[in-house]
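>>> Sequence plus predicted model, see below.
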Amino acid sequence: MAKRAVSARTALLKYLALRLVLIIPTVLILVTVVFFFMRVTGDPITASMGGRLPPEEIERRKELAGYNDPVIVQYGRFLWGLLHGDFGRTTDNQAISDILITYGPATLELVFWALIVAFAVGIPLGRLAARKYNKVADISIRSFAVLFYAAPVFFVALILKLVFSIKLGWFPVSGRASVTVQTILESKVKVNTHIYILNAIQYGKWEYIVDVLRHAVLPGVALGLLTAGVFIRLTRINLLQTMRADYVTAARARGVAENKVVSKHAFRNALIPVVTVMGMQIAMMLGGAILTETTFEWQGLGYWLSQYLLKRDFVAVQGITTAIAVIVAVASFIIDAINAFIDPRVRY
């Protein structure tokens, strides 16, 4: 038993070490693609300032910024900066690392709310669809899953905004909090996490917490329903497969009640693939966050990425995209680690 435990622990550590090491080439490939793709359009200063400044001023700025150097030299300088936490500067000379610190938490907060919606909607409906296999409830739930997975997230966001904000007036139209609440949460708390729900809890006023939650409902639902469709299908399919397994049949033969068979024997094992896929869904959510944040003026990385694209500030786009790539890689590693703890088969 002791040898088996040591062997399992060694296999787990080897697996986690391998997954951790793989983060480096993954991020490097993504960073390289983004860098050279941005350079295909020309240098960032000409792209963003061309036509608005005299040619000699553009050349002067290009020389100061090092954009007249060979591309490979610029690439090496960019990688060296990343190793030191320097993601570059915008055309208005703002450090991109400051933008990431200020607005990155807003995007993570939105993804957190969306994940809650995805789990709250996707898992119970997927379970119900499996229990009502090929009945009206199953067909309706599957149609619901396909509809929200296929619908563009900005379209769902606009419909929610039109119905629940403009027509019914139940929720705010845009923003992360009311103007007064936002000002207080950014300036009056002891530790500004830039995550408004944490700042509101820290400030200790219930009405501020409610205000933040009301602003988070529609963006969280719009982005969460996208992933809920995936969770419904995964939960349904895996629960159906698990319920046909021999150990489930044996439990039924022993006279175990059907509810216990589903909840105790089948449902837990059916959730393992859902956890596995969650890492990819976080990447999808970060992509969907660009459209969701823009629609609701939720000032996170997605919102500012769209603004810098409009300004053709490619250095800012490059820095934010790189940061998102790192977040996705780290999130995937965390999900892989959780999955390895849940399912020992993953380690071998």
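It's in.

>>> Dump the C-alpha coordinates for stretch 118-135 into CSV.
Extracted in CSV, the C-alpha atoms of stretch 118-135 (Å, rounded to 0.1, in the frame of the first residue of the first chain):
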residue,chain,number,x,y,z
ALA,A,118,-22.6,28.4,-16.5
PHE,A,119,-22.4,25.9,-13.6
ALA,A,120,-25.8,26.9,-12.1
VAL,A,121,-27.5,26.5,-15.5
GLY,A,122,-25.5,23.9,-17.3
ILE,A,123,-25.0,21.2,-14.7
PRO,A,124,-28.6,20.9,-13.4
LEU,A,125,-30.1,21.1,-16.9
GLY,A,126,-27.6,18.5,-18.2
ARG,A,127,-28.6,16.2,-15.4
LEU,A,128,-32.3,16.7,-16.0
ALA,A,129,-31.9,16.1,-19.7
ALA,A,130,-30.1,12.8,-19.0
ARG,A,131,-32.9,11.8,-16.5
LYS,A,132,-35.6,12.6,-19.1
TYR,A,133,-33.7,11.0,-22.0
ASN,A,134,-35.5,11.5,-25.4
LYS,A,135,-38.5,13.1,-23.7
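
>>> got the buried residues for it?
Of the residues in stretch 118-135, 118, 119, 121, 122, 123, 125, 126, 127, 128, 129, 130, 131 count as buried by neighbour count, 16 or more other C-beta atoms under 10 Å. All C-beta atoms are positioned from the backbone trio N, CA, C, and that covers glycine.

>>> Break the protein down into its domains, please.
Per automatic domain parsing, the structural domains of the chain span 1-91+313-348, 103-298.

>>> okay, how far is it across the longest one, tip to tip?
The one in question is domain 103-298. From its first residue to its last, domain 103-298 covers 10 Å (C-alpha to C-alpha, to the nearest Å).

>>> chain center to that domain: distance?
Distance of domain 103-298 from its chain centroid, counting by C-alpha atoms, centre = their mean, to the nearest Å, is 12 Å.

>>> avg pLDDT for it?
Mean pLDDT, domain 103-298: 82.

>>> and if you look at the first one?
Averaging pLDDT along domain 1-91+313-348 gives 74.

>>> what are the ranges of the helices in the stretch 101-250 of the chain?
According to DSSP state H, counting those that start in this stretch, the stretch 101-250 of the chain carries its helices in the segments 136-150, 153-160, 179-187, 196-203, 206-243, 246-253.

>>> Deepest-packed of these, please.
For the helices of the stretch 101-250 of the chain, the largest average neighbour count (mean count of other C-beta atoms under 10 Å) is found in helix 206-243, namely a mean of 22.

>>> and the direction of it versus that of helix 136-150, what angle?
Interaxial angle of helix 206-243 relative to helix 136-150 (axes from the mean of the first three to the mean of the last three C-alpha atoms, to 10 degrees): 120 degrees.

>>> helices or strands next to helix 206-243 in the packing?
On a contact count with 3 or more C-beta pairs under 8 Å, 6 or more residues apart in numbering; DSSP states H and E, helix 206-243 meets helix 96-131, helix 136-150, helix 153-160, helix 179-187, helix 196-203, helix 267-270, helix 272-296.

>>> re the thing from before, can you say which of the domains of the chain is nearest to residue 305?
When the domains of the chain are compared by C-beta to C-beta, domain 1-91+313-348 sits nearest residue 305, at 4.9 Å.

>>> What is the distance between that closest one and the centre of its chain?
Distance of domain 1-91+313-348 from the chain centroid (C-alpha atoms, centre = their mean) equals 16 Å.

>>> Distance to residue 322 for the helices and strands packed on helix 206-243 - can I get that in a markdown table?
Putting the helices and strands packed on helix 206-243 into a markdown table (distance: least, C-beta to C-beta, whole Å) gives the following:
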| stretch | distance to residue 322 |
| --- | --- |
| helix 96-131 | 9 |
| helix 136-150 | 28 |
| helix 153-160 | 23 |
| helix 179-187 | 26 |
| helix 196-203 | 25 |
| helix 267-270 | 36 |
| helix 272-296 | 13 |
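
>>> So for residue 315, which of those sits nearest?
Evaluated over the helices and strands packed on helix 206-243, closeness to residue 315 peaks at helix 96-131, with 7.3 Å, by C-beta to C-beta.

>>> Excluding covalently adjacent residues, which one is nearest to residue 26?
residue 329 (5.2 Å; C-beta to C-beta, 6 or more residues apart in numbering).

>>> Surely that neighbour is within a helix?
Yes. Per DSSP: H, G, I helix; E, B strand; the rest coil, residue 329 lies within a helix segment.
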